[in-house]
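Engineer: Build the 3D model from these lines:
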Amino acid sequence: MTESENQRVLFVVTNHGQLGDTGKETGYFLREVAYPHKALTEAGYQVDFVSPKGGATPMDPISKDLDDEVNKAFVENEALMTTLQDTLTPETIDPSNYVAIFYAGGHGTMWDLPDCEALARIAVAIYEEGGAIGAVCHGPAGLVNMKLSDGSYLVAGKRVASFTDEEEQAVGLENVMPFLLASELKKRGAIHTKADNFKPHVEVDGRLVTGQNPPSAKGVGEALVQVLKDL
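Structural biologist: Predicted coordinates for the structure are as follows:
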């Protein structure tokens, strides 16, 4: 697959905006949307946004670093910001229109992506038709309960990166999260790989591309582009 023009990638973002019972806001992490979006669109792919409920997706306020030029350009793109307030619903998605699905991170994903069966069905359909799956940081929460058509977990036996238990402890949210993501992926049979806390780390296992944390977002986008070029 060498021609990316008019090919589409589906970005999954969270609808969940409350950080447990802390009273703080959460949502998607800006860098984890902006950098992969830049990599894919510059490579010629069209990006659509979907969320479990459709409609507005909240941005985690802690992630709004506008000193970062990529973040700044993304936020200042009014069309993109409008689109993120009106994301598609899973029910409107035809998986055959997409060559890949990408799960953006942010702590909000931990609440509404693991049990979103409609999104999981879309992802599995894309993957089993030869497409790719990407995810970064907490985005792999969407992979935790995902099963292939043979009943096996998607991540079983695959090398997967995600926000680590140690990183969750470092940000003081290990007791706020509904579960610890890395531990849960390992329970599903994933071979979880990691770098030191908050260091970039990207894992590519066939058509599955995952990254550990916000600093990994650029590399995940670039790796996903390469995987798609190689299909």
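
Engineer: List the buried residues in stretch 114-122.
Structural biologist: For stretch 114-122, the neighbour count (16 or more other Cβ atoms under 10 Å) marks 114, 116, 119-122 as buried. In short, each C-beta sits where N, CA and C put it, glycine included.

Engineer: Serialize these to CSV and add fields for secondary structure and pLDDT.
Structural biologist: Converted to CSV, the buried residues of stretch 114-122 look like this (DSSP: H, G, I helix; E, B strand; the rest coil; pLDDT from 0 to 100):
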residue, secondary structure, pLDDT
114, coil, 98
116, coil, 98
119, helix, 98
120, helix, 98
121, helix, 98
122, helix, 98
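
Engineer: so which of these comes closest to residue 197?
Structural biologist: Nearest to residue 197 among those: residue 114, at 23.4 Å, using Cβ to Cβ.

Engineer: which residues sit in contact with the closest one?
Structural biologist: Shown in contact with residue 114 (Cβ atoms under 8 Å, 6 or more residues apart in numbering): 141-142, 144-145, 178.

Engineer: Next up, the contacts around residue 130.
Structural biologist: Contacts of residue 130 by Cβ under 8 Å, 6+ apart are 207, 231.

Engineer: can you pull the pLDDT of it?
Structural biologist: Residue 130 carries a pLDDT value of 98.

Engineer: and if you look at residue 1?
Structural biologist: Model confidence at residue 1 (pLDDT) stands at 44.

Engineer: do the same with residue 5
Structural biologist: 75.

Engineer: From the centroid of the protein, which residue is nearest?
Structural biologist: residue 103 (2.0 Å; Cα atoms, centre = their mean).

Engineer: which ones are touching it?
Structural biologist: 12, 109, 113, 133-136, 139-143.

Engineer: Where do the strands of this structure begin and end?
Structural biologist: 8-12, 46-50, 98-103, 132-136, 159-160, 191-192, 202-205, 208-211 (DSSP state E).

Engineer: can you put the ones you listed in a markdown table and add distance to residue 64?
Structural biologist: Shown next, in a markdown table, are the strands of the chain (distance: least, Cβ to Cβ, whole Å):
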| stretch | distance to residue 64 |
| --- | --- |
| strand 8-12 | 18 |
| strand 46-50 | 18 |
| strand 98-103 | 20 |
| strand 132-136 | 17 |
| strand 159-160 | 28 |
| strand 191-192 | 29 |
| strand 202-205 | 24 |
| strand 208-211 | 20 |
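
Engineer: out of those, which comes closest to residue 81?
Structural biologist: Nearest of these to residue 81, taken as Cβ to Cβ: strand 46-50 at 11.0 Å.

Engineer: Show me what the closest one is in contact with.
Structural biologist: 6-13, 37, 40-41, 57, 83-84, 87-90, 93, 98, 119, 122.

Engineer: For it, output the C-alpha coordinates as PDB.
Structural biologist: Extracted in PDB, the C-alpha atoms of strand 46-50 (Å, rounded to 0.1, in the frame of the first residue of the first chain):
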ATOM      1  CA  GLN A  46      -7.300  11.800   5.900                       C
ATOM      2  CA  VAL A  47      -8.300  11.700   9.600                       C
ATOM      3  CA  ASP A  48     -11.700  11.300  11.100                       C
ATOM      4  CA  PHE A  49     -12.500  11.500  14.800                       C
ATOM      5  CA  VAL A  50     -14.800   9.100  16.700                       C
END
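
Engineer: Just the buried residues of that strand, please?
Structural biologist: 47-50.
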